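Chemist: sequence and predicted structure are below.
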Amino acid sequence: MPIYDYRCENCGRFEKVQKITESALDTCPTCGGACERLIGKNVGVVFKGSGFYRNDKNFKDQVRSYNKERQVDNQAILDGDIKGFVEQSEATTKKIMES
Ligand SMILES: [Zn+2]
């Protein structure tokens, strides 16, 4: 599952592992204060755990094609389309998780 960065007005930054189907937190799980999800380097897939160390060619090709989609994500963020970036990023992540 992806790790999201949050910033709490009281506690500062924290990370939360969430399903991509879960909506963003708006209250801090620690203090109950307001928090917001940050758009950062951790948005997207975290290649941890089993299943991501496969070495077969098909898998690499698959990852390569996902990386192309990531470039579309990056273009969106360059255009300042943050919402589009998040939506596209989550859609891509979902595809990878389902594959
Ligand atoms: Zn807090």
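Modeler: Right, received. Where do you want to start?

Chemist: make it CA atoms for all contacts and neighbour counts henceforth
Modeler: Will do.

Chemist: what stretches of this structure score poorly on pLDDT?
Modeler: Scanning the chain for pLDDT under 70 picks out the ranges 40-57, 73-74, 76-77, 82.

Chemist: close to the ion: what parts of the chain are there?
Modeler: Neighbours of the ion within the chain, by C-alpha under 5 Å from the ion: 8, 10-11, 28, 30-31.

Chemist: could you report the neighbour count for residue 6?
Modeler: Residue 6 has 22 neighbours, counted by other C-alpha atoms under 10 Å.

Chemist: for it, give me its contacts.
Modeler: 13-16, 35-38 (C-alpha atoms under 8 Å, 6 or more residues apart in numbering).

Chemist: tell me the one among those nearest to residue 98.
Modeler: For the contacts of residue 6, the minimum distance to residue 98 (C-alpha to C-alpha) is 20.9 Å, reached by residue 16.

Chemist: on the three-state scheme, that closest one is what?
Modeler: strand (DSSP: H, G, I helix; E, B strand; the rest coil).

Chemist: what residue spans form the domains of the protein?
Modeler: What automatic domain parsing lists as the domains of the chain is 1-43, 51-99.

Chemist: which outside residues touch the top helix by length along the chain?
Modeler: Ranked by residue count and defined by DSSP state H, the top helix of the chain is helix 57-78. Residues from elsewhere that reach helix 57-78 (C-alpha under 8 Å, 6+ apart): 82, 84-86, 88-89, 92, 96.
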